[in-house]
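Visitor: Provided below are the primary sequence and the corresponding predicted coordinates.
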Amino acid sequence: MSNVETEPSEVRCAASVTEERGDGIPHVDVLSARDVPLGGPRAMTVRRTLPQRDRTLIGAWCFADHYGPDNVSETGGMQVPPHPHTGLQTVSWLFSGEIEHRDSLGSHAFVRPGELNLMTGGFGISHSEVSTPSTTVLHGAQLWVALPEEHRHAERDFQHYAPEPVRLAGAEVRVFLGSLAGDTAPVRTFTPLLGAELLLDPRATVTLAVDTGFEHGVLVDDGSVRLGETLVRRAELGYVGPGYDTLTLTNESDDTTRLLLLGGTPFEEEIVMWWNFIGRSHEDIVKAREEWASASERFGVVEGDAGDRLPAPALPNATIRPRRNPPRR
């Protein structure tokens with residue numbers, strides 16, 4: 001998915017810090033989402049929890065949009081024409097509906113519920129995303145992962161994976177990146193990561209063994225979840241720093257609750273994000289924008305998509321201002 005803000009801000013993202021309570025119960029920061037319209041008079045709106053002023057990275061996860069359930073007859077669905085990416089991987093995950101994906105690598109695939117589409121932008125890629133005519137309700141998440149310096153110019157790549165559900169007492173888990181609940185996704189990432197969908201049974205409590213070196217984020221799709229002692233409501237993201245070997249999740253409602261669990265080792269590099277580009281400097285962003293505007297070979301061509309290329313917004317009349325994660329508690 002493209003960041004379609006008309007005046008996207010430049011963000012310099014620094015490494016995360018460990019937050020400690022000292023009593024074994026994790027401190028949880030609750031991050032609220034902001035609404036971002038995707039453009040047009042009937043545009044669907046996404047709820048963005050990353051990046052924001054209070055936190056810019058969770059591991060290498062640097063962007064999180066959560067959308068739906070949207071009635072496509074009212075919003076027009078997803079209609080994102082060819083647009084570029086650099087320095088990142090895109091993670092597409094649906095709860096309902098179907099999206100057609102085409103990219104300049106030549107990939108032509110469909111994003112369906114419970115199936116991962118992972119695209120590596122590296123030095124440069126372009127792609128389009130369009131909800132299919134059969135889709136009536138569109139509901140899911142679009143996530144980005146920053147690539148580390150040694151791999152940020154990696155070759156274009158596209159991976160598809162459909163994880164089998166793992167049944168635990170009180171929950172069903174689908175692991176689409178990394179390892180959890182005894183399952184490991186055979187999908188290549190460039191830093192240690194975790195990505196999983198969890199369905200919590202009504203009134204269920206689940207304690208998950210997690211990597212103590214990871215920081216974690218719980219993005220609630222439906223209902224409310226208690227993370228440790230902190231309530232995280234629908235569309236909010238609960239953040240827990242490294243240092244914990246378990247996370248306890250409680251569904252206090254009489255309905256099934258769904259969430260995404262994201263994790264990774266703290267990303268130790270500063271990155272610059274603007275529009276659909278991730279670089280290391282203002283100059284990286286300027287160059288990428290110029291090359292997209294001039295239709296250079298860097299981003300290739302999305303064959304089979306009849307839509308016009310998405311134009312890049314104007315750059316701000318300022319250089320990048322640092323934006324850091326909050327200090328240690």
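Guide: Sure thing, it's come through. The structure displayed is predicted, hence computed values, not measured ones.
Visitor: Quick one: mean pLDDT over the longest helix anywhere in the chain.
Guide: With secondary structure taken from DSSP state H, the chain has its longest helix at helix 282-293. Mean pLDDT, computed over helix 282-293, is 96.
Visitor: Only alpha carbons, please: show it as PDB.
Guide: This file holds the C-alpha atoms of helix 282-293, laid out as PDB (Å, rounded to 0.1, in the frame of the first residue of the first chain):
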ATOM      1  CA  HIS A 282      17.500  13.600   3.100                       C
ATOM      2  CA  GLU A 283      19.600  13.100  -0.100                       C
ATOM      3  CA  ASP A 284      18.500   9.500  -0.400                       C
ATOM      4  CA  ILE A 285      14.900  10.600  -0.400                       C
ATOM      5  CA  VAL A 286      15.400  13.400  -2.900                       C
ATOM      6  CA  LYS A 287      17.200  11.000  -5.300                       C
ATOM      7  CA  ALA A 288      14.500   8.300  -5.100                       C
ATOM      8  CA  ARG A 289      11.800  10.900  -5.700                       C
ATOM      9  CA  GLU A 290      13.600  12.300  -8.700                       C
ATOM     10  CA  GLU A 291      14.100   8.900 -10.200                       C
ATOM     11  CA  TRP A 292      10.400   7.900  -9.700                       C
ATOM     12  CA  ALA A 293       9.300  11.200 -11.300                       C
END
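Visitor: That helix - contacts with which helices or strands?
Guide: Helices and strands touching helix 282-293, by 3 or more C-beta pairs under 8 Å, 6 or more residues apart in numbering; DSSP states H and E, are strand 271-274, strand 277-279. Where C-beta positions appear, they are placed from N, C-alpha and C, glycine not excepted.
Visitor: Recalculate using a threshold of 10 Å.
Guide: strand 79-85, strand 271-274, strand 277-279 (3 or more C-beta pairs under 10 Å, 6 or more residues apart in numbering; DSSP states H and E).
Visitor: Can you show me the helices along the chain?
Guide: 72-75, 282-293.
Visitor: So which of those helices is nearest residue 236?
Guide: helix 72-75 (22.4 Å; C-beta to C-beta).
Visitor: follow-up on the earlier one: can you put the helices and strands packed on helix 282-293 in JSON lines and add distance to residue 92?
Guide: Shown next, in JSON lines, are the helices and strands packed on helix 282-293 (distance: least, C-beta to C-beta, whole Å):
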{"stretch": "strand 79-85", "distance to residue 92": "11"}
{"stretch": "strand 271-274", "distance to residue 92": "18"}
{"stretch": "strand 277-279", "distance to residue 92": "17"}
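Visitor: Rebuild those strands as TSV, extending it with mean pLDDT.
Guide: Output for the helices and strands packed on helix 282-293, formatted as TSV (pLDDT from 0 to 100):
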stretch	mean pLDDT
strand 79-85	94
strand 271-274	93
strand 277-279	95
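Visitor: Could you export those as CSV, including mean neighbour count and distance to residue 252?
Guide: Formatted as CSV, the helices and strands packed on helix 282-293 follow (neighbours: other C-beta atoms under 10 Å; distance: least, C-beta to C-beta, whole Å):
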stretch, mean neighbour count, distance to residue 252
strand 79-85, 22, 37
strand 271-274, 25, 35
strand 277-279, 23, 38
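Visitor: looking at the ones you listed, which is closest to residue 152?
Guide: Short answer: strand 277-279, nearest of these by C-beta to C-beta, at 7.4 Å.
Visitor: helices and strands around the closest one, which ones?
Guide: Applying 3+ C-beta pairs under 10 Å, 6+ apart, one finds that strand 277-279 makes contact with strand 79-85, strand 137-146, strand 271-274, helix 282-293.
Visitor: Tell me which of the ones you listed lies nearest to residue 308.
Guide: Per C-beta to C-beta, nearest to residue 308 of those: strand 79-85, 5.8 Å.
Visitor: May I have the strands that pair with that closest one, each with its orientation?
Guide: When pairing is defined by DSSP bridges, strand 79-85 lines up against strand 125-131 (antiparallel).
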